[in-house]
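**Q** give me coordinates for this.
(one chain, ligands or ions: 2)
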Amino acid sequence: MYIQNLSVLEEVHVCPDCDSQMSCCEVPPVHVGDGLGWGAEVMFICLNDECPTFKGGWQKIEVNYGHKGSFRNMQLPGSKELNVMMVASKDAFTGSIVDPDSMRKQNARYRKEKEATEALDSCLDKNDISPVMTLILDESASPDVRSRAMDLLIKFNDLSCIDPIRNHTFRNTEFEQKCNMLIVELLKINHQKECPFCAELVKAQAKKCMHCQADV
Ligand SMILES: [Zn+2]
Ligand SMILES: [Zn+2]
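**A** Ligands and ions are numbered 1, 2, ... in the order given. As a prediction, this is how the structure comes out:
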């Protein structure tokens with residue numbers, strides 16, 4: 001999940017019915033067909049089980065709708081207008097409470113991806129390999145953009161890209177294979193090979209590794 005506007009995480013909403021602090025939750029998915037979004041990325045919900053709205057809601061729903069459920073008080077970011085959400089169980093929304101710290105981290109990652117993506121078209125001219133590496137090493141980045149970054153890698157002809165890639169754990173095996181192939185190509189262009197014992201680069205013609213003295 002990504003929040004455009006991080007300042008909502010700093011908002012404090014207090015339930016007017018029970019005075020407890022409302023929890024910041026992800027908005028539930030919109031039901032197919034009704035076409036209405038929430039117009040917000042998170043909502044603040046009173047998850048206090050002793051809240052009168054929630055405690056009294058079970059009976060109201062039973063009487064009015066004939067099924068099991070209750071209400072939780074809700075406010076949208078930037079608003080003190082009180083709404084109610086119908087909930088089928090006590091645990092609805094407890095699984096979607098937003099943790100501000102992890103949200104900030106995800107946002108930082110997303111922002112880095114976005115910046116690197118924007119820099120991708122011009123980075124070769126600027127001889128700046130960093131956006132390419134950022135994207136290749138970001139498992140959460142968009143696969144299309146990562147693939148574009150990999151296509152640029154060889155053009156930089158920069159052997160320093162090998163170590164970070166070797167040290168990275170790819171979740172996407174297709175990308176891992178592609179990077180392995182790119183490294184092989186890069187080594188070939190530069191007449192180098194990786195020592196199978198210490199992983200340092202040595203000349204392609206070398207018979208002994210200059211780093212670990214092993215026969216290569
Ligand atoms: Zn409440
Ligand atoms: Zn070696």
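**Q** next secondary structure element downstream of the least confident helix or strand in the chain by mean pLDDT?
**A** Lowest mean confidence among the helices and strands of the chain (mean pLDDT, DSSP states H and E): helix 100-119, at a mean of 90. Moving toward the C-terminus from helix 100-119, the next helix or strand (DSSP states H and E) is helix 130-136.
**Q** quick one: residues in contact with that next one.
**A** The contact list for helix 130-136 (C-beta atoms under 8 Å, 6 or more residues apart in numbering) reads 112-113, 115-117, 119-120, 123, 141, 145-146, 148-150, 152-153, 156, 161, 164-165, 168, 175, 179. Backbone N, C-alpha and C define where each C-beta goes, glycine included.
**Q** let's see 7 Å
**A** Residues from elsewhere that reach helix 130-136, judged by C-beta atoms under 7 Å, 6 or more residues apart in numbering: 112-113, 116-117, 119-120, 123, 141, 145-146, 149-150, 152-153, 156, 161, 164-165, 179.
**Q** wait, residue 156 touches residue 126, no?
**A** No: using C-beta atoms under 7 Å, residue 156 makes no contact with residue 126, being 10.9 Å away.
**Q** comparing these two, which residue is more hemmed in?
**A** Counted by other C-beta atoms under 10 Å, residue 156 and residue 126 do not tie: residue 156 has more neighbours, with 17 against 10.
**Q** could you list the low-pLDDT ranges of this structure?
**A** For the chain, applying pLDDT under 70 flags the ranges 1-2, 30-37.
**Q** who's the nearest residue to residue 47 once chain neighbours are set aside bridged to?
**A** In this structure, residue 47 finds its nearest non-sequential neighbour in residue 23, 4.9 Å apart by C-beta to C-beta, 6 or more residues apart in numbering. For residue 23, the beta-bridge partners under DSSP bridges are residue 45.
**Q** wait, residue 23 sits on residue 97?
**A** Yes: the criterion here is C-beta under 7 Å, and residue 23 meets it with residue 97 at 5.1 Å.
**Q** good, wrapping up.
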